[in-house]
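# give me a model of this one.
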Amino acid sequence: MSNIHPTAIVAPGAQIPASCKIGPFCTVGPNVVLGDECELVSHVVLDGHLTLGRGNRIFSFACIGIAPQDLKYAGEPTRCELGDNNTIRESVTISRGTVGGGGITRLGSGCLIMAYVHIGHDCEIGDGCILANAATLAGHVVIEEYAVVGALCPVHQHCRIGRYSYIGGGTTITQDVLPYSLTCIERNNHAYGMNKVGLERRGFTPAQLKALRQAYRLLQASKLNTTDALVAIRATLLADGASGDTEHVAYLADFIAASHRGVIK
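Numbers count the residues shown, from 1 in each chain. Below you'll find the predicted structure:
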């Protein structure tokens, strides 16, 4: 194939459509499956049972589908899957899954993964997420759609980052991050309220923003503990006859109720 540089090493068995471009000094393993129109810029390593959707662009020294950094891993044929149209910048590492964690690491579509990001084994990342430079995800982290993780943010194992949330740079995450929230560090981690600008950019209506704002007031400004605030949200904003613009409030309430690590307030 003319689109594979002569210095690239492509193992027999790898599935590479003719529309893909494989740059110099890339290494592609035998169990790798690429979608149409993917590009490996140079010095990229693709390993393991790895599947990429179409239109992914991967920059130099990124290592995708590599063995997990887990002492229990014994070479099992676990997987890593990427969706479509992701941009993965320099020196990113994405580990494949482990048997104990479900066996698969997933990245959705339309994500921007900036330089030096690490995505550990068994992580699940939704569509449209942005992980800024040197964000570091331990194993089993879940990041829901359209969340933003700032630069130099370490995220503890088994944490869940809610959809449409924004985490400021340098924030250490050891508990779940509320959906739709703006969370950052000022001496201690703190959720500063609703990610209003981000939600407006994503097309949330004024009525939806108003309902979420009322929910956040109950969570943060009412002096109720989390359990009591959750009861108040369900009783006032989600009761029969409440506004029809509360679907996101319902999701917020369910997210809090399902949290195992507790949420950052």
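
# okay but residue 224 is in contact with residue 218, surely?
Yes - counting by C-beta atoms under 8 Å, residue 218 is a contact partner of residue 224 at 6.7 Å. Every residue, glycine included, has its C-beta placed from N, CA and C.

# show me which of those two is the more surrounded one.
residue 218 (19 against 15; other C-beta atoms under 10 Å).

# which ones are touching that one?
For residue 218, the contacting residues are 224, 229, 232, 233, 236, 237, by C-beta atoms under 8 Å, 6 or more residues apart in numbering.

# and the two most separated of the residues you listed?
224 and 237 (13.7 Å; C-beta to C-beta).

# sorry, back to before: what do residue 224 and residue 218 both touch?
Jointly contacting residue 224 and residue 218 under the rule C-beta under 8 Å, 6+ apart are residue 232.

# picking up where we left off before, now the contacts of residue 218 in TSV, with pLDDT, distance to residue 162 and secondary structure?
Putting the contacts of residue 218 into TSV (pLDDT from 0 to 100; distance: C-beta to C-beta, whole Å; DSSP: H, G, I helix; E, B strand; the rest coil) gives the following:
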residue	pLDDT	distance to residue 162	secondary structure
224	89	20	coil
229	92	16	helix
232	93	19	helix
233	92	15	helix
236	89	21	helix
237	90	17	coil
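
# just the buried members of those?
229, 232, 233, 237 (16 or more other C-beta atoms under 10 Å).

# can you redo those residues as JSON lines with distance to residue 9?
JSON lines is the format used below for those (distance: C-beta to C-beta, whole Å):
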{"residue": "229", "distance to residue 9": "56"}
{"residue": "232", "distance to residue 9": "60"}
{"residue": "233", "distance to residue 9": "56"}
{"residue": "237", "distance to residue 9": "57"}
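
# out of those residues, who's nearest residue 52?
Distances from residue 52 to the buried ones among the contacts of residue 218, taken by C-beta to C-beta, are shortest for residue 233, at 40.4 Å.

# the helix or strand of the chain at the bottom of the mean pLDDT ranking pairs with which strands, parallel or anti?
Every helix and strand of the chain was ranked by mean pLDDT, DSSP states H and E. The lowest is strand 188-194, at a mean of 74. Strand 188-194 has its sheet partners listed here by DSSP bridges as strand 181-186 (antiparallel).
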